[in-house]
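Novice: Please work out how this folds:
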Amino acid sequence: MQRPSTRRRYFFLTLAAIVLIMALLYMAWSTLAGRRGEQRLVAQVLTAQGETLIRAVEAGGRVGMRGPGAKSFRLRFLLDELASQEDVRFVAIISPDGSLEAQSQIAAPLAQSTLASLFPAEEPTWALATNASEPLFVVFRAYRPLLHIHHASPFAQALRAPMCALPPRQNQVRPFAGAGDQPLAVVAVGLDASPYVQARRTDIMGLGLAALLLLIVGAMAAAIWFWRRNALLLEQRVLQAEHLAAVGSLAAGVAHEIRNPLSSIKGFATVFQGKFPATSPEHDLAALMIGEVERLNRTVSGLLELSRTEDLHRVELNAGELLDHALKLVSADCQAAGIRVRHALPAVPVRIVADRDRLLQVLLNMLLNAIQAMPHGGQLFVAIRQTGKKLRFHVADTGPGISSEILAHIFDPYFTTRHQGTGLGLALARKIMAAHDGTIFVASTSTQGTEIVAELPFGGQA
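Specialist: Numbering: from 1, shown residues only. Prediction:
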C-alpha cells in the first residue's frame, strides 16, 4: 500500500504533467488553425482581386460593343492595361474550343494547354500554375459580357476587330452567356502567387511546429508512463523489503524458541513410535506427529531464509546443464505422476554468472509447482530462450491453470492453495531472482495451464 505522502506526490506530479501536455496540445492546435486561416485568407483576397479584374474585362467588353467609340476600341488594349499592374501577370480570354481569343502582351501567359484546361465556372475559381519563370495564382470563370450583337461577326471577330455601329433597328441584342446550349468562353487572370506561396510555406512551417509539439507531447506522455510504472515497481520493492525486514525481525526472535521445543517433541514422538508395533494406531499417530513437526520445522526454516540477506556466490556456469540437472532431480516425481517432459535446451553452451545453488533452488521450485499442478498426469515443457540482453528459463504445464484472483497473490509469503504447502516457495524464488538483478513472473488462465518464467540479465553479470 502506498504511503499518503507518496500518493500525494505522485498525484501532483501527474497533474502537472497532464496540465503541461494539455497546454502543448492547445499550442499545437492553435498553430495549426492559425496557419490554415492565414492561407485561406490570402486565397480569398487574391480571388477577390482576380474577380474585380474579370468584371473590368467584361465591362470593357460591353463598352466596346455598345459605345460610340467602338471603332477605336480593341479589347487587347484593355487587357494590356490591366496586366500592367504590378501584381498582375496576364489577362486572357479563352474561347469554348480552347483557343486563345485575346490576351495581354505585357507578359507571357501560361502554356496553351494549361489555358485550355480552364473550365467556365459559374463562380470565380482559382488554381496554382507555373509559367516559364514563376508560380501564378490564376483566377478564372465563365466570360459573361451579357450582351452580344445578333448580326455581328462570329465571336473571334467581335473580340479582335473594332465593333461596327449598326442602325438602331438592326441593333437587336440577346444574352451572350448561358443562352440555350451555347458553350461559354473563359476569362482568366494570372496574379503574382508569392503571397499565397509564402502563406503556404508558413503553413508548412506551422504544420512542422505542430508536429514537433505533438511529438514532444507523445514523448512526455511516454516518459510519464514509464516513470509512473518504474516508480510503482520501485515502491513495491521498497514495501516488499520493509515487509521482509519485519518478517525477519519476527523470525529471528521466535525461531530459536520454536525450534528447541520442536526438537524435543520430535524426539519423544520417535521414542513412542518405537514402542508400538508398526500396525498399531499408536504407531501411526506417532508418525503423524513426527511429520507435522518436520513440516513446522520447514516452515520456520523457510521463514528464516526469506528474511535473511542474500549473500550470493557467483560463478560462471552453463545454463543448459543447470536446467538439465534440475530435470533429473524431479524425474522420479514426473514418472510417479505420469507426466511427459519436453524440453528445448540450447545446442551450444550458454554461459551465465550466477549463484549455482540459489538458481537451482529457483528452478526446482518452478518445476515442483508445475508437477504439483498435474497430479493426474500431463505435459511439462521447459526451455531456455534468449530475448535481447535477457536469458529466460520457461517452465509450462498443462494443469488446470490459475485464476486471476489467485494469480495476484501468488508471490505473497505464506499464500498457498495446497494443504501441505508453506506458501514460501515462489516468494523465495522472487527474492533470489531479485538478488540476481532478474525477475520471475507467471502467465496463466483458469483453463489453459500455467507458465513460469525466470529472467536473468545476459551478456554480463547475472
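
Novice: which helix is the longest one in the chain?
Specialist: helix 194-274 (DSSP state H).

Novice: helices or strands up against the helix or strand following that one?
Specialist: Downstream of helix 194-274, the first helix or strand assigned by DSSP states H and E is helix 281-307. Judged by 3 or more Cβ pairs under 8 Å, 6 or more residues apart in numbering; DSSP states H and E, the packing partners of helix 281-307 are helix 194-274, helix 425-435. The C-beta positions use only the backbone N, C-alpha and C, and glycine is treated the same way.

Novice: out of those helices, deepest packed?
Specialist: helix 425-435 (a mean of 21; mean count of other Cβ atoms under 10 Å).

Novice: Any idea how far it is from the middle of the chain?
Specialist: 34 Å (Cα atoms, centre = their mean, to the nearest Å).

Novice: Just the CA atoms of that helix, as CSV, please.
Specialist: Extracted as CSV, the C-alpha positions of helix 425-435 are listed here (Å, rounded to 0.1, in the frame of the first residue of the first chain):
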residue,chain,number,x,y,z
GLY,A,425,8.5,-21.2,-2.4
LEU,A,426,7.7,-18.6,-5.0
ALA,A,427,8.3,-15.8,-2.5
LEU,A,428,11.8,-17.2,-2.0
ALA,A,429,12.2,-17.6,-5.8
ARG,A,430,11.4,-14.0,-6.4
LYS,A,431,13.8,-12.9,-3.7
ILE,A,432,16.6,-14.9,-5.2
MET,A,433,15.9,-13.6,-8.7
ALA,A,434,15.8,-10.0,-7.4
ALA,A,435,19.3,-10.6,-5.8
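
Novice: Mind checking what helix or strand follows it in sequence?
Specialist: Assigned by DSSP H and E, the successor of helix 425-435 is strand 439-444.

Novice: hmm, back to that, could you dump the helices and strands packed on helix 281-307 to CSV with distance to Thr445?
Specialist: Converted to CSV, those look like this (distance: least, Cβ to Cβ, whole Å):
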stretch, distance to Thr445
helix 194-274, 24
helix 425-435, 18
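
Novice: so can I have CSV of the ones you listed showing mean pLDDT?
Specialist: Output for the helices and strands packed on helix 281-307, formatted as CSV (pLDDT from 0 to 100):
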stretch, mean pLDDT
helix 194-274, 75
helix 425-435, 86
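
Novice: Among these, which comes closest to Leu456?
Specialist: Ranking the helices and strands packed on helix 281-307 by proximity to Leu456 (Cβ to Cβ) places helix 425-435 first, at 7.5 Å.

Novice: what does that closest one contact?
Specialist: Applying Cβ atoms under 8 Å, 6 or more residues apart in numbering, the set of residues contacting helix 425-435 from outside is 237, 244, 302, 305-306, 310, 312, 355, 358-359, 361-362, 365-366, 368-369, 410-414, 439-440, 442, 454-456.

Novice: Same question for stretch 122-139.
Specialist: 43, 46-47, 49-51, 53-54, 89-90, 108-111, 114, 118, 140-142, 188-194, 196-197.

Novice: now, which of the residues you listed lie within strands?
Specialist: Arg89, Phe90, Phe140, Arg141, Ala142, Ala188, Val189, Gly190, Leu191, Asp192 (DSSP state E).

Novice: how does the chain divide into domains?
Specialist: According to automatic domain parsing, the chain comprises the domains 35-192, 225-308, 313-462.

Novice: Centre of the chain to the last one, how far?
Specialist: Domain 313-462 sits 33 Å away from the centroid of its parent chain (Cα atoms, centre = their mean).

Novice: What pLDDT does the model give Gly291?
Specialist: Gly291 carries a pLDDT score of 84 in this model.

Novice: what does Glu282 give?
Specialist: For Glu282, pLDDT reads 86.

Novice: Leu327 versus Gln372, what's the distance?
Specialist: 16 Å (Cβ to Cβ, to the nearest Å).

Novice: Compare neighbour counts for these two and give me the winner.
Specialist: Per other Cβ atoms under 10 Å, whichever of Gln372 and Leu327 has more neighbours is Leu327, with 19 against 16.

Novice: wait, isn't Gln49 in contact with Leu191?
Specialist: Yes. Judged on Cβ atoms under 8 Å, Gln49 makes contact with Leu191 at a distance of 6.4 Å.

Novice: any residues in contact with both of these two?
Specialist: Asp87, Val139.

Novice: and the two? which has more neighbours close in?
Specialist: Leu191 (23 against 17).

Novice: give me every residue that touches that one.
Specialist: Contacts of Leu191 (Cβ under 8 Å, 6+ apart): Leu46, Gln49, Gly50, Asp87, Val88, Arg89, Leu136, Phe137, Val138, Val139.

Novice: Run through the bridge partners of the fifth one.
Specialist: Okay, so that is Val88. Leu191 (DSSP bridges).

Novice: residues near it, how many?
Specialist: Neighbour tally, Val88, other Cβ under 10 Å: 21.

Novice: so what's it scoring on pLDDT?
Specialist: 88.

Novice: who touches it in this structure?
Specialist: Leu53, Leu82, Val189, Gly190, Leu191, Asp192.

Novice: For the residues you listed, which two are the farthest from each other?
Specialist: Among the contacts of Val88, Leu82 and Asp192 lie farthest apart (Cβ to Cβ), at 13.8 Å.

Novice: okay, those two: which has more neighbours?
Specialist: In this comparison of Leu82 against Asp192, neighbours counted by other Cβ under 10 Å, the higher total goes to Leu82 at 20 against 17.

Novice: Spatially nearest residue to that one (excluding sequence neighbours)?
Specialist: Nearest non-adjacent residue to Leu82, counting by Cβ to Cβ, 6 or more residues apart in numbering: Val91, 5.0 Å away.

Novice: rewinding a little: same list, the domains of the chain, but as JSON lines with distance to Ala219 please.
Specialist: Shown next, in JSON lines, are the domains of the chain (distance: least, Cβ to Cβ, whole Å):
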{"stretch": "domain 35-192", "distance to Ala219": "23"}
{"stretch": "domain 225-308", "distance to Ala219": "11"}
{"stretch": "domain 313-462", "distance to Ala219": "22"}
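
Novice: for those domains, which one sits closest to Leu20?
Specialist: domain 225-308 (13.6 Å).

Novice: And for Thr387, the neighbour number?
Specialist: By other Cβ under 10 Å, neighbour count at Thr387 equals 10.
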